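Asker: Take this sequence and fold it.
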Amino acid sequence: MPQQERQKQSKAITRTTVKEPRKHRVIVLNDDFTTFEFVIEIMMTVFGKTYAQAEEIAETTHVQQKALVGIYSLDMARSKVAKATALARAENFPLGFEIEPEE
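Answerer: Next up is the predicted model:
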C-alpha cells in the first residue's frame, strides 16, 4: 500500500454515537406496617427529596398503593433501592420498591 493511502486511512475520523443510558423509574409500594414518618425519612435521606416532596410521595403511596419516587440510571436506581431497603429492614419495616424501565 502506498504511503499516501496509509496517511489518508490514518487521518480518517471514526465517529461513534454515544447513547445516554436508559432511565428507570423507582416506585415505592404501600404496606400496612411501614410508618408514614419512616417513608418520609427515607425519601429525604436516600432519595434527596425535600420534606414537602417526601410527604407528597408518602401520601400518594398511601392513597394509590404506590408512587413514583424518581427517575434514575439503572445503577443509581438499584443503589438507592438497596440502601432504602436495607434501612427499612434494619427498622423491621417491609417497605418495598419496584424498578421499571422508562418508556
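Asker: For the rest of this, base every contact and every neighbour count on C-alpha atoms.
Answerer: Fine.
Asker: Tell me where the chain has helices.
Answerer: For the chain, applying DSSP state H gives helices covering 3-11, 36-45, 51-64, 74-90.
Asker: Which positions in stretch 30-37 come out as buried?
Answerer: Buried residues in stretch 30-37, counted by 16 or more other Cα atoms under 10 Å: 30, 34, 36.
Asker: what about residue 52, how many neighbours?
Answerer: Residue 52: 11 surrounding residues under other Cα atoms under 10 Å.
Asker: And it, how far from residue 63?
Answerer: 17 Å (Cα to Cα, to the nearest Å).
Asker: Skipping adjacent residues, who's closest to the residue most central in space within the chain in space?
Answerer: The centroid of the chain falls nearest to residue 77 when counting by Cα atoms, centre = their mean (2.7 Å). Using Cα to Cα, 6 or more residues apart in numbering and skipping residues adjacent in sequence, the residue nearest residue 77 is residue 26, 6.4 Å away.
Asker: got the helices of the chain as CSV, with mean pLDDT columns?
Answerer: Listed next are the helices of the chain as CSV, based on pLDDT from 0 to 100:
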stretch, mean pLDDT
helix 3-11, 59
helix 36-45, 98
helix 51-64, 98
helix 74-90, 98
